[in-house]
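next come a sequence and a model predicted from it.
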Amino acid sequence: MAVYTEVPDEDLAAFLAAYDVGEAVSFKGIAEGVENSNYLLVTTKGRFILTLYEKRVERDDLPFFLGLLEHLSARGLICPQPVKARDGGVLTELCGRPAAMVTFLDGVWVRRPTAEHCAELGHALAALHEAGRGFPLLRPNALSVDGWLALAATARGRSDAVTPGLDALIADELDHLTPAFAALDLPSGVIHADLFPNNVFFLGDRLSGLIDFYFACNDAYAYDLAICLNAWCFDPDGVYDPAKGAALLAAYHAARPLSEAEIAAFSTLARGAAIRFLLTRLVDWLDTPPGALVQKLDPLEYLAKLRFHQRATGVADYGWRPA
Ligand SMILES: Nc1ncnc2c1ncn2[C@@H]1O[C@H](COP(=O)(O)OP(=O)(O)O)[C@@H](O)[C@H]1O
Ligand SMILES: N[C@@H](CCOP(=O)(O)O)C(=O)O
């Protein structure tokens, strides 16, 4: 459960007084997510998500995240919208943390995505990339190569306790990826950068909305697609499912055609996407205190994905042949 900061009743009342959202009817911590403290707030006027920003979210990045939600909503993407306080602001402070309220989206996330869900995702990801065009703020990806190197330094000397040889494997992979990523010159813009199944809502079989834009940044569009492939197209036992991968890639390509350079770089991007989540999970695994009220995610899931991509030679290995 990710509720790092408890909100006392009197703080909630003072917070709500600044908004025109009615009286609180219920207020409950949400037992999902790992990054921030999230509460479901039901008022006499509607349902909202109240988020207190914690560990990896920098206060200075919040105008990017919240402004992006407004930009995307205005262009027809279904995502939460920041709720304005009476003074017009969307960002405030609560219990010593930066905090904001966004609209509640209906839908549920799918625990076992099928190829059809992956196709829906491919369309939605391309739509997100198109809708992000023209967003005036910039946020470089803090979890690209320099961020990976910093995380690896934090874990160095400790990761072999998770599995023998992990320290050396990470060092070798970063030696490979650092020049490979520096050489990339791919179409870029606003990416979500964490579009895992828990951040994509469905109503029935239809995708109904996207949430959790708190890793969004400017980076290569195809890198975002590689993050999705890692998160959606491996079975729970860690085996890659080419039908899901092909459905995702084909649906994305139909909506935003991938260039030859993006296709050629795909396995490199997928390796980068794998080491990124391997490293954040590894550092969380090593540094989360015992008893913390948060579910620790398995770094070794991403080690297996990385090994799969290290063997790939082209998109055909992902089950897809562009027409
Ligand atoms: N706008 C929203 N509408 C409905 N539910 C939401 C919304 N935002 C978050 N949630 C719920 O809160 C959970 C955690 O949110 P998330 O943004 O993924 O947290 P974190 O960034 O801490 O990982 C989601 O899985 C979902 O159940
Ligand atoms: N998707 C990341 C963890 C971040 O989780 P979220 O709840 O913010 O989506 C991972 O799986 O490592």
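The structure has been received and is ready for your questions. Ligands and ions are numbered 1, 2, ... in the order given.

where along this structure do the strands fall?
For the chain, the strands defined by DSSP state E occupy 24-29, 37-43, 46-52, 92-94, 97-103, 188-191, 200-203, 206-210, 217-220.

distance from the second one to the middle of the chain?
Put plainly, it is strand 37-43. Distance, stretch centre to chain centre, for strand 37-43: 20 Å (Cα atoms, centre = their mean, to the nearest Å).

if we can go back for a sec, let's have the strands of the chain in CSV, adding distance to residue 60 and mean neighbour count.
In this view, the C-beta of every residue, glycine as well, is placed from N, C-alpha and C. Output for the strands of the chain, formatted as CSV (distance: least, Cβ to Cβ, whole Å; neighbours: other Cβ atoms under 10 Å):
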stretch, distance to residue 60, mean neighbour count
strand 24-29, 26, 14
strand 37-43, 19, 19
strand 46-52, 16, 20
strand 92-94, 14, 16
strand 97-103, 10, 21
strand 188-191, 17, 21
strand 200-203, 27, 19
strand 206-210, 23, 18
strand 217-220, 13, 21
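
which among the ones you listed is found nearest to residue 3?
strand 24-29 (3.8 Å; Cβ to Cβ).

which outside residues touch that closest one?
Contact with strand 24-29 is made by 1, 3, 6-7, 12-13, 16, 37-44, 50, as judged by Cβ atoms under 8 Å, 6 or more residues apart in numbering.

note down every partner strand of it and its orientation.
strand 37-43 (antiparallel) (DSSP bridges).

residue of the stretch 51-200 of the chain closest to ligand 2, please.
Residue nearest to ligand 2 within the stretch 51-200 of the chain (Cβ to the nearest ligand atom): residue 196, separated by 4.4 Å.

mind listing what the nearest residue to residue 94 once chain neighbours are set aside touches?
Spatially, and ignoring its direct neighbours in sequence, residue 94 is nearest to residue 15 (5.2 Å; Cβ to Cβ, 6 or more residues apart in numbering). Applying Cβ under 8 Å, 6+ apart to residue 15 gives the contacts 7, 50, 92, 94, 99.

do residue 224 as well
125, 129, 191-193, 195.

do that again at 7 Å, thanks
By Cβ atoms under 7 Å, 6 or more residues apart in numbering, the residues touching residue 224 are 125, 191-193, 195.

repeat for residue 67
residue 137.

ok, and of the contacts of residue 15, which contact ligand 1?
Taking Cβ under 6 Å from any ligand atom as the test, ligand 1 is in contact with none of the contacts of residue 15.

pull the CA atoms of stretch 184-191 into CSV?
Extracted in CSV, the C-alpha atoms of stretch 184-191 (Å, rounded to 0.1, in the frame of the first residue of the first chain):
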residue,chain,number,x,y,z
LEU,A,184,20.5,7.4,-31.1
ASP,A,185,18.7,10.2,-33.0
LEU,A,186,15.1,9.3,-33.0
PRO,A,187,11.8,11.1,-33.2
SER,A,188,11.1,12.5,-29.7
GLY,A,189,8.5,14.4,-27.7
VAL,A,190,6.4,13.9,-24.6
ILE,A,191,6.4,10.3,-23.4
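
for the stretch 1-150 of the chain, give me the ranges with low pLDDT.
1 (pLDDT under 70).

count of neighbours near the residue in it that ligand 1 sits nearest to?
Across the stretch 1-150 of the chain, the shortest distance to ligand 1 (Cβ to the nearest ligand atom) belongs to residue 33, at 2.6 Å. By other Cβ atoms under 10 Å, the residues close to residue 33 number 19.

next, the contact list for the nearest residue to it once chain neighbours are set aside, please.
In space, and not counting its chain neighbours, residue 33 is closest to residue 2: 4.3 Å by Cβ to Cβ, 6+ apart. Residues in contact with residue 2 (Cβ under 7 Å, 6+ apart) are 32-38, 294.

now residue 2: how far from residue 124?
For residue 2, the distance to residue 124 equals 24 Å [Cβ to Cβ, to the nearest Å].

and if you look at residue 224?
From residue 224 across to residue 124, the span is 11 Å (Cβ to Cβ).

separation between residue 305 and ligand 1?
Distance, residue 305 to ligand 1, using Cβ to the nearest ligand atom, to the nearest Å: 20 Å.
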